[in-house]
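Participant: Structural data only, the sequence is not supplied:
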C-alpha cells in the first residue's frame, strides 16, 4: 500500500495526493493525523519538504528499515525559483537521496531529468487527473468571467486582473468578472473572498470563460478544473504543455503567448465572448473531448511509471 503525507499548507501537493487516492492508487494521510505507525503503508511519499517530516522518516526507518520512502517535488524549475526557500528545500531533498536517507524522488516535470536523471530512482510521472461532468453551456447575459487563483508570483495574477478589469469596463452590462482574490481592488471585478468547496463548485459551473495565464506551472489544476468541464479558459504556454492543448483551434483561441500582454488577453477574451450560442456549445464540447482524451492517457502514464518503479 502507498501512503502519501503532506503538510496542510501545501495545496498543490495536497491536490496531487487527494487525486491519487481518488484513483485508488494510495491512501492520503494528513500530517496531523499520524497516530499509529502501523497505519502507514510500505511505500511512503512525502509532498514537497517540511522540517516536520524528518522525525517521521527516522521513526519509519527504525520501525521498518525496508520501507520504501520518497518525496514528490511538484514545482517546475521556474516555480522553484519564484517561491522563497524552495531551491534550498530541493537541494536538501537531493542530498537526502544521494546519502540514501530516502529511496526515491518523484518529479512532476520532466525538465528535472535533464539534470538529475542520472541519479538512481529519480523519475518523472505526471499529476493524476480526475473526471468532471460536462458543464451545460448555456449562454445568458451577463456572461461570467472567472479568475480563481492565489496572488503568488507564478500566477501572474495582477496582469490577468488588469486585463479582466479593462474588459469589463469596455463591455458594461455584458460581463460579470469574479475573483477569489481580494488583493486587487480593481473596477469591474467582484471579489468572492474565500469559498467553501460547495460554493467553489457552483462558481465553476456558473463560469462561461476563465483565465489562468500563469508564468510557470507544474500542472495547473485550477485551469484543468475549468477545461475538464468543457469551459474555455485562457492559459499560458506553460499550462498548454502540461495539459497537452495542441489542437490547433484550441491553441489559437486559448493560449496567450505573451503572458505580460494585456492586449493579447483582451483580444482573446473579446473573441470568446462574441461566439454565437451554437458555436460556443461546439467549442465547449471540443474542449471537453480533448481533456477527456488527455486525462485517460495521462493517468495511464502515471500508473505505468509507478509499476515500473515498483511503487504499489
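Facilitator: Alright, I've got the coordinates. On a predicted model such as this, the values are computed, not experimentally measured, just so you know.
Participant: Spit out the contact partners of the closest residue to residue 309 other than its chain neighbours.
Facilitator: Spatially, and ignoring its direct neighbours in sequence, residue 309 is nearest to residue 123 (5.9 Å; C-beta to C-beta, 6 or more residues apart in numbering). For every residue, glycine as well, the C-beta is placed using N, CA and C. Contact partners of residue 123, counting by C-beta atoms under 8 Å, 6 or more residues apart in numbering, are 104, 105, 106, 107, 113, 305, 309.
Participant: Find the residue ranges of the stretch 101-250 of the chain scoring beneath the pLDDT cut-off.
Facilitator: For the stretch 101-250 of the chain, the stretches with pLDDT under 70 are 139.
Participant: quick one, helices of it?
Facilitator: All helices of the stretch 101-250 of the chain, identified by DSSP state H, counting those that start in this stretch, fall at 113-116, 157-170, 197-206, 221-227, 237-243, 248-254.
Participant: Highest mean neighbour count out of those?
Facilitator: Among these, helix 221-227 has the highest mean neighbour count (mean count of other C-beta atoms under 10 Å), at a mean of 24.
Participant: ok now that helix, how far from the chain's centre?
Facilitator: 7 Å (C-alpha atoms, centre = their mean, to the nearest Å).
Participant: Which residues outside that helix are in contact with it?
Facilitator: Under C-beta under 8 Å, 6+ apart, the answer for helix 221-227 is 12, 15, 127, 129, 132, 146, 148-149, 204, 207, 210, 212, 214, 217, 232-233, 235, 239, 243, 245, 287, 291.
Participant: quick one: the residue nearest to residue 309 from residue 49, how far?
Facilitator: Residue 123 sits 18 Å away from residue 49, going by C-beta to C-beta, to the nearest Å.
Participant: circling back: can you go through the contacts of residue 123 and name the buried ones?
Facilitator: Buried by 16 or more other C-beta atoms under 10 Å: 104, 105, 106, 107, 309, out of those.
Participant: in the sheet, who's paired with the fourth one?
Facilitator: Beta-bridge partners for residue 107, by DSSP bridges, are residue 73, residue 124.
Participant: give the contact list for it.
Facilitator: Residue 107 touches 73, 113, 116, 122, 123, 124, counting by C-beta under 8 Å, 6+ apart.
Participant: The buried ones among the contacts of residue 123: which two are farthest apart?
Facilitator: Greatest spatial distance among the buried ones among the contacts of residue 123 (C-beta to C-beta): 107 and 309, at 12.3 Å.
Participant: any idea how far residue 266 is from the nearest residue to residue 157 once chain neighbours are set aside?
Facilitator: Distances taken as C-beta to C-beta, 6+ apart put residue 151 closest to residue 157, at 5.0 Å, once the chain neighbours are dropped. The gap separating residue 151 from residue 266 is 21 Å, by C-beta to C-beta.
Participant: Could you pull up the mean pLDDT of the longest helix along the chain?
Facilitator: In terms of residue count, the longest helix belonging to the chain (DSSP state H) is helix 277-308. Across helix 277-308, the average pLDDT comes to 97.
Participant: Assess the claim that residue 188 and residue 174 are in contact.
Facilitator: No - contact criterion C-beta atoms under 8 Å: residue 188 and residue 174 do not qualify, at 11.1 Å.
Participant: Tell me which of those two has more neighbours.
Facilitator: Neighbours of residue 188 and residue 174, each counted by other C-beta atoms under 10 Å, are more numerous for residue 188; the result is 18 against 13.
Participant: and the more buried one, how far is that from residue 260?
Facilitator: To residue 260, residue 188 is 21 Å away according to C-beta to C-beta.
Participant: What of residue 267?
Facilitator: 14 Å.
Participant: And for residue 122?
Facilitator: Residue 122 is 34 Å from residue 260, where distance means C-beta to C-beta.
Participant: These two: which has the busier surroundings?
Facilitator: Shown here are residue 122 and residue 260; by other C-beta under 10 Å, residue 122 has more neighbours (20 against 11).
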